[in-house]
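1. Here is my input; please provide its structure:
(chains A and B)
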Protein chains: 2
Amino acid sequence: MANLLQEVGGNHGVALWGRADSGFASMPGMDHLIFVATRMQIRMEAYPKWGDLVRLETFFAEDGRLCTRRDWHITDATTGAYLGAATSTWVTINSETRKLSKLPEEVRTRWLNLSPSPPRIVLPVGETKRKLEDFPEDAALVGPVVSARRTDMDPNGHINNVCYMSWALEAVPRHVYNGYHLREVEMDFKAECHAGDLVEVLGHPLTDTSNGNGCAQQFLHTLRKAGGGKGAEVWRARTTWVPKGKVASR
Amino acid sequence: MANLLQEVGGNHGVALWGRADSGFASMPGMDHLIFVATRMQIRMEAYPKWGDLVRLETFFAEDGRLCTRRDWHITDATTGAYLGAATSTWVTINSETRKLSKLPEEVRTRWLNLSPSPPRIVLPVGETKRKLEDFPEDAALVGPVVSARRTDMDPNGHINNVCYMSWALEAVPRHVYNGYHLREVEMDFKAECHAGDLVEVLGHPLTDTSNGNGCAQQFLHTLRKAGGGKGAEVWRARTTWVPKGKVASR
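-> You can find the predicted model right below:
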């Protein structure tokens, strides 16, 4: 599902900005400006199964003075049933100075003209942008050290969010991974990660996951660069899991 | 591209066999019988770029007494230009005894009725099923040990071919990975691999790759389980690379 969100977001970008000969999105006024995600939250009410037709809608909005937002609304294309939603926060940086930058006014105006007004709210206000607690000193769950692969990179040479999620899932206890559905993931992007980097995968339960009591379970996750001492944190997330059967897989 | 081949092959299977409530393909007469790929070969004349529309055609054929074949033909959907082709060889095994099994006659008949006759040849005869040489004792190229991820698994709990390729690419020298297009990959599947397995990624040049002479380069690749001594070989492949600019990216 995270792959689909990314695909649709990218195609929406190309549709709005035009497509360069290289095949990537390009837009006048955006020279040296790139978008970097700082946060993403995905919440699924139900999962489609193989072969189901899924409809994804996506749209932009402003988010304060320096940020933009991309939201997604996910439904079953056949029945119209609501499946889930996602929201993400982006900053604009200058790719040469690496500094935060404001969107040029003409770019901002064009996008707002192409965005729903007022903005569509895909997740209830107050349930987004909740702070992620600090990751504890002693992680209870330790996954393998992963090495970022060349094929994990996006066209900017960065590891993408789908990849971070797949790494983090390695540290989830087997009985949760197999017996629960991932209902929600809230993630903060902290630092860049490139192919060849070695990354530690750590997790920590926020709930009592030992007794299989049939309740929702929560975990905190961190990914940090491996090496001497405590490496830079590249990604932190909170995941919420519900027992299979309590969230239908339609 | 390998992901698209897999997607289309899977959908073709569901279209022919019907779709079970679980979302997976199911077909009368195929109880306990599963298909296992033993070989796959992909050859690209040109790569599509992001946003291009690609047409994939796929079809079955018999391949001797115990094997079946799935071929793919890849074209640019807009211009009709030929982009590439792929072929794969499959055996049928009983999922309980793990032994080779013949296809039930009614299944065989149904499939042949739905296949082109005579079979379409996607790659020139004599250029498929070429033997892969033994992997040398002293590998010149050593990639990172990779740990198979949960999200690398297919619904049967096996690591898929796309994943093997992504691991093997880690051992290709940087100047080849960045300066060449992957024109062809020929791969033999040797053993099963599951989530959590640690796998060594080894490569060996078959051509003189040092002088950047602008010629095609070839590598032999192997993936084998890590651990004491020489672990089981799970995958072996040969890749052929041509300098960018000699194969157009259209």
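2. what does chain A put close to chain B?
-> A:10-11, A:14, A:19, A:22-24, A:49-52, A:144-147, A:149-152, A:155, A:165-167, A:169-170, A:177, A:198 (CB under 8 Å from any CB of the partner chain). Where C-beta positions appear, they are placed from N, C-alpha and C, glycine not excepted.
3. Just give the number of residues close to A:T239.
-> Counted with other CB atoms under 10 Å in any protein chain shown, the neighbours of A:T239 add up to 24.
4. Relative to B:V8, how far out is it?
-> Counting by CB to CB, to the nearest Å, the gap between A:T239 and B:V8 amounts to 32 Å.
5. Please apply the same query to A:P243.
-> When CB to CB is the yardstick, A:P243 and B:V8 sit 34 Å from each other.
6. same thing with A:P48?
-> Noted for A:P48: a distance of 18 Å to B:V8, by CB to CB.
7. And A:T92, by the same measure?
-> 38 Å.
8. now swap in A:R130 and tell me
-> When distance is defined by CB to CB, A:R130 is 41 Å away from B:V8.
9. which stretches of chain A have low pLDDT?
-> Where chain A drops to pLDDT under 70, the residues are A:17-28, A:210-213, A:228-229, A:246-250.
10. ok, the most centrally placed residue in it - contacts?
-> The residue lying closest to the centre of chain A (CA atoms, centre = their mean) is A:M40, at 4.0 Å. Taking CB atoms under 8 Å, 6 or more residues apart in numbering or on different chains, we find A:M40 in contact with A:A86, A:T87, A:S88, A:T89, A:N161, A:V185, A:E186, A:M187, A:F189.
11. I'd like these written out as CSV, with distance to B:E233 and secondary structure added.
-> Formatted as CSV, the contacts of A:M40 follow (distance: CB to CB, whole Å; DSSP: H, G, I helix; E, B strand; the rest coil):
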residue, distance to B:E233, secondary structure
A:A86, 41, strand
A:T87, 46, strand
A:S88, 42, strand
A:T89, 46, strand
A:N161, 34, helix
A:V185, 36, strand
A:E186, 42, strand
A:M187, 37, strand
A:F189, 38, strand
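12. Quick one: those as CSV, columns for distance to A:H204 too.
-> Listed next are the contacts of A:M40 as CSV, based on distance: CB to CB, whole Å:
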residue, distance to A:H204
A:A86, 24
A:T87, 24
A:S88, 24
A:T89, 24
A:N161, 20
A:V185, 15
A:E186, 15
A:M187, 15
A:F189, 19
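13. Pull out the buried positions in the lengthiest helix in chain A.
-> The residue-count maximum for a helix in chain A (DSSP state H) belongs to helix A:2-17. Going by neighbour count (16 or more other CB atoms under 10 Å in any protein chain shown), the buried part of helix A:2-17 is A:A2, A:L5, A:Q6, A:V8, A:G9, A:G10, A:N11, A:H12, A:G13, A:V14, A:W17.
14. Among these, which one lies nearest to chain B?
-> For those, the residue nearest chain B by CB to the nearest CB is A:V14; the value is 5.6 Å.
15. what about the closest one, distance to A:V234?
-> Taken as CB to CB, the span from A:V14 to A:V234 is 27 Å.
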